[in-house]
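1. curious how this folds, go ahead:
(one chain, ligands or ions: 2)
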Amino acid sequence: SNTLLKVDGLKKSFSIPDGMFGKKKMLKAVHDVSFHIPEGKTFSLVGESGCGKSTTGRLISRLLDPSEGEIWIDGEEISQRKEAQLKVMRKKVQMIFQDPYASLNPRMKVRDIIAEPLAIHTNLSRAERYQQVSEILEIVGLSEYHANRYAHEFSGGQRQRIGIARALILKPKLIIADEPVSALDVSIQAQILNLLKDLQSEFHLTYLFISHDLSVVEHISDHIGVMYLGTIVESGPKEVIFANPKHPYTKALLSSIPIPDPRLRRERIILQGDLPSPVNPPSGCRFHTRCPIAKDLCKTTEPAVHKDDGKGHMVACHFVEY
Ligand code: SF4
Ligand code: MG
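-> Ligands and ions are numbered 1, 2, ... in the order given. Next comes the predicted model:
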């Protein structure tokens with residue numbers, strides 16, 4: 001199938017204040033990220049908060065400007081496009097955010113929140129816009145009852161449905177969902193994830209799914225990329241990542257997922273220390289300060305990416321064995 005999104009060598013540094021006297025230092029939020037997503041599939045970026053996954057999502061949707069690298073969306077390279085040349089791309093790519101409370105305008109009725117992208121991007125009349133809102137409300141499991149009210153009148157799950165309706169109204173091809181269920185109760189999480197899955201098959205959507213929680217992405221993912229300090233340390237098909245993780249960081253993340261069946265439980269790996277600062281990332285392998293199997297080589301030399309080409313499994317570690 002077609003590649004809907006391809007990211008190659010993506011980098012983003014922010015200049016931030018360094019103490020007094022107006023000095024600056026560079027924060028490397030995204031160090032070197034490459035991956036692609038076939039049309040109609042889901043790629044999940046997973047890692048601790050602060051690892052650069054949200055920044056990656058914001059670079060791809062061009063809410064932020066990349067420092068380096070290429071972003072191909074539906075066959076077009078958009079990394080350096082100016083705002084005036086991003087109009088078509090902005091219709092094709094929509095975001096769903098973590099916090100439906102914060103991303104919905106409290107002074108607008110739900111109908112107008114969902115219709116707003118149509119007002120910005122199309123010449124449809126108000127009646128035509130509202131007609132499309134009615135259709136999309138039904139698709140996400142809401143109704144006219146919701147359209148006439150304000151977002152704050154609804155629960156978190158309903159608000160996320162409103163956010164999803166707004167993201168879908170322009171018939172995008174790529175949805176970037178940044179922690180879309182993290183603010184929701186566990187029972188509601190499953191409903192929203194199922195809705196996203198149904199919408200994907202109905203509208204042939206491609207998803208970039210961002211989460212700190214591997215257990216959340218297990219069901220929805222085709223491919224998974226595990227991020228640590230601005231880089232993807234392991235990526236591969238979902239089944240391979242869950243059944244046969246190779247990178248010590250992935251193993252640690254997986255070991256913290258509660259598994260009810262004691263026969264299937266993994267040995268719990270507790271990582272020492274906090275995520276190091278992306279201003280002064282560790283030398284060599286960026287994970288060496290917390291890696292349970294680090295050796296001297298890891299402190300000095302960045303590991304190459306090993307590819308198990310048969311399965312599309314990639315691991316950046318000196319001591320990986322297939
Ligand atoms: Fe651990 Fe070394 Fe592999 Fe990095 S390269 S993950 S420090 S063993
Ligand atoms: Mg984030």
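
2. could you pull out the strands for the chain?
-> Secondary structure of the chain (DSSP state E): strands located at 3-17, 24-38, 42-46, 68-73, 76-77, 93-96, 174-178, 206-211, 223-228, 231-237, 305-308, 313-316.

3. need the contact list for the closest residue to Asn105 other than its chain neighbours.
-> Distances taken as C-beta to C-beta, 6 or more residues apart in numbering place Ile113 nearest to Asn105, at 5.9 Å, with adjacent residues excluded. C-betas here are computed from N, CA, C, even on glycine. Residues near Ile113 by C-beta atoms under 8 Å, 6 or more residues apart in numbering: 104-105, 151, 162, 166.

4. pLDDT score for the nearest residue to Gly230 once chain neighbours are set aside?
-> Once flanking residues are discounted, Gly230 sits nearest to His31: 3.4 Å by C-beta to C-beta, 6+ apart. pLDDT, His31: 92.

5. same check, this time on the one 5 residues further on
-> With respect to pLDDT, His36 scores 97.

6. returning to that earlier point: export the strands of the chain as a markdown table, with columns for mean neighbour count.
-> Shown next, in a markdown table, are these (neighbours: other C-beta atoms under 10 Å):
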| stretch | mean neighbour count |
| --- | --- |
| strand 3-17 | 17 |
| strand 24-38 | 18 |
| strand 42-46 | 26 |
| strand 68-73 | 18 |
| strand 76-77 | 12 |
| strand 93-96 | 24 |
| strand 174-178 | 24 |
| strand 206-211 | 26 |
| strand 223-228 | 25 |
| strand 231-237 | 24 |
| strand 305-308 | 16 |
| strand 313-316 | 22 |
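
7. what sits against the closest residue to Gly273 other than its chain neighbours?
-> Nearest non-adjacent residue to Gly273, counting by C-beta to C-beta, 6+ apart: Arg290, 5.3 Å away. By C-beta under 8 Å, 6+ apart, the contact list for Arg290 reads 249, 271-273.

8. rerun at 10 Å
-> Applying C-beta atoms under 10 Å, 6 or more residues apart in numbering, one finds that Arg290 lies in contact with 228, 248-249, 252, 271-276, 282.

9. list the buried residues in stretch 74-94.
-> Of the residues in stretch 74-94, 74, 78-79, 81, 89-94 count as buried by neighbour count, 16 or more other C-beta atoms under 10 Å.

10. which ones among those are found in helices?
-> If you go by DSSP state H, those have 89-92 in helices.

11. so which of those is the closest to Thr3?
-> Of all those, Thr3 sits closest to Lys92, with 13.9 Å by C-beta to C-beta.

12. how confident was the prediction at that closest one?
-> Predicted confidence (pLDDT) for Lys92: 96.
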